[in-house]
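Asker: let me see the structure of the following:
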Amino acid sequence: MSRRTHSKSIPLRLLICVMVLAFCAASCTNASGRTGAEEEDAFRIYYVNAEESGLVSEVYTPESDPGDTTAMIEEVITVLQTSAGRMEYEAPMTGDIVLREYRLEEGLLTLDFDVRYLDRDPVTEILDRAAIVRTFSQIEGVDGVIFLVAGAALMHGEIPVGVMTADTFIYNAGSEINTYDKVRILLHFADPSGESLIPVYRTVVYNSNMSMERLVAEQLLVGPNTEEAQATLSPNTKITNVTVQDNTCYIDFSEEFLSLLPGISPELALYSLVNSLTELYGVERVQISVGGQSGLLFGNLIPLDAPFSANPSLLRQ
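Answerer: Got it, this is the predicted structure:
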C-alpha cells in the first residue's frame, strides 16, 4: 500500500519515460529525434541534483491526454514520487515529502503535504518546491500552485508563501531551461519609517543563465518578504538590459521605474538599487537609464546622467 494518499486514485502503473535534453543548434536533431524548437516546447520533469545545489530537467512524454488536466496532474504526481533512475537526480516528492491530497479549483492546484515537510533544510525545501511548481505549471489548466502543510498554508517566516507560478522561481526566458542554482543575496529595502535603508538577506533559486546583477535587480522589484521592510521601487518596472563593464553596472528600465512608491523618497528608492547592486563582486558604480535615456530626472530631483556609488549613510544606524 502506498504511503501517500490523494483525494483521487492515482494509477501506479505509469513509468517515467524521460530523455536528457542535449544542447544543439536549432537546425540539428538530437538523440531524442526532436529538433531544438521541439525540445523547447516539450514537457519537462524537474529534479533536484544530487548535490542539492540546483535543478535539472528532462524531457518527458506524458501518457495522458494533455488536455485532460486531472489525468495530467495525477500522472505528474506519480512521476515526481518516483526515483528518477539516475543517481545524479533526486525526484522532488520522495522521501519525507508525503502528499496527503490535492485539489484543483479555478486553475489553482493545491498540494497538501504531511507535517514532516517542515523538517527539512530550508534551501533544500526551496529547491524541491521550485521543481514541483515548475513541473506542474506546464499543465494546461494549472495557473498557479499553492502549498499546504497539514491543511495550513506554508509560511515564509510569518508570511504565507501563497500562490506560486513558474515565474516565482527566477527564469531567463531567452535561454535553455536546464540548470538552476541557489544563492544568498543582500538587498537594501526601506525600513518601516521610510527614512532609512535596511539590509535583507534572501536565498533565491534562479536559472544559472541569468546574471547576478539582473537577479538582484529583479528581486528588489519583487519587494521584501518581511513586514520589517518596505518596497522601494515600483513592482511594475521591467528590466530591459543589464551589462557590466569596467566595474560599472549599466541597467536600463522601463518608464515605470520613474513612478515613486508612496512614502519613499527619490533618494531612498534610488540608493536601494545602487547599494544592492554594489554588494556584488565587481560592481562599484551603477549607471541607470530609462528607455535607453540617462539624461532624465528621477523623482524630478536626481539626475541620472552619471554613475552612482553606494551611499552607506542611508543605512539605518
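Asker: per-residue pLDDT, the residue nearest to Ser309 when sequence neighbours are not counted?
Answerer: Nearest residue to Ser309, sequence neighbours excluded (Cβ to Cβ, 6 or more residues apart in numbering): Arg285, at 5.4 Å. Just so you know, the C-beta spots here come from the backbone N, C-alpha and C atoms, and that holds for glycine as well. pLDDT, Arg285: 96.
Asker: how close does Arg285 get to Glu90?
Answerer: 41 Å (Cβ to Cβ, to the nearest Å).
Asker: which one's more surrounded, these two?
Answerer: Taking other Cβ atoms under 10 Å, Arg285 and Glu90 do not tie; Glu90 has more neighbours (21 against 17).
Asker: in the sheet, who's paired with that one?
Answerer: Residues in a beta bridge with Glu90, per DSSP bridges, are Val48.
Asker: verify the contact between it and Glu52 for me.
Answerer: Yes: assessed by Cβ atoms under 8 Å, Glu90 is found in contact with Glu52 at 7.3 Å.
Asker: any stretches of the stretch 1-150 of the chain with poor pLDDT?
Answerer: For the stretch 1-150 of the chain, the stretches flagged by pLDDT under 70 are 1-40, 84-88.
Asker: so which residues of it form helices?
Answerer: Ranges of helices in the stretch 1-150 of the chain, per DSSP state H, counting those that start in this stretch, are 36-41, 69-80, 122-136.
Asker: between these, which one is closest to Asp96.
Answerer: Asp96 sits nearest to helix 122-136 of all those, at 10.1 Å, using Cβ to Cβ.
Asker: what helices or strands is the closest one leaning on?
Answerer: strand 44-49, strand 55-60, helix 69-80, strand 144-149, strand 180-190, strand 197-207 (3 or more Cβ pairs under 8 Å, 6 or more residues apart in numbering; DSSP states H and E).
Asker: again, 10 Å this time
Answerer: For helix 122-136, the packing partners by 3 or more Cβ pairs under 10 Å, 6 or more residues apart in numbering; DSSP states H and E come out as strand 44-49, strand 55-60, helix 69-80, strand 89-90, strand 108-113, strand 144-149, strand 180-190, strand 197-207.
Asker: could you export these as JSON lines, including distance to Glu256?
Answerer: Formatted as JSON lines, the helices and strands packed on helix 122-136 follow (distance: least, Cβ to Cβ, whole Å):
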{"stretch": "strand 44-49", "distance to Glu256": "31"}
{"stretch": "strand 55-60", "distance to Glu256": "30"}
{"stretch": "helix 69-80", "distance to Glu256": "34"}
{"stretch": "strand 89-90", "distance to Glu256": "40"}
{"stretch": "strand 108-113", "distance to Glu256": "28"}
{"stretch": "strand 144-149", "distance to Glu256": "24"}
{"stretch": "strand 180-190", "distance to Glu256": "18"}
{"stretch": "strand 197-207", "distance to Glu256": "21"}
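Asker: between those, which one is closest to Gly299.
Answerer: strand 180-190 (14.0 Å).
Asker: now that closest one: buried residues?
Answerer: The neighbour-count check on strand 180-190 (16 or more other Cβ atoms under 10 Å) flags Tyr180, Asp181, Lys182, Val183, Ile185, Leu187, His188, Phe189, Ala190 as buried.
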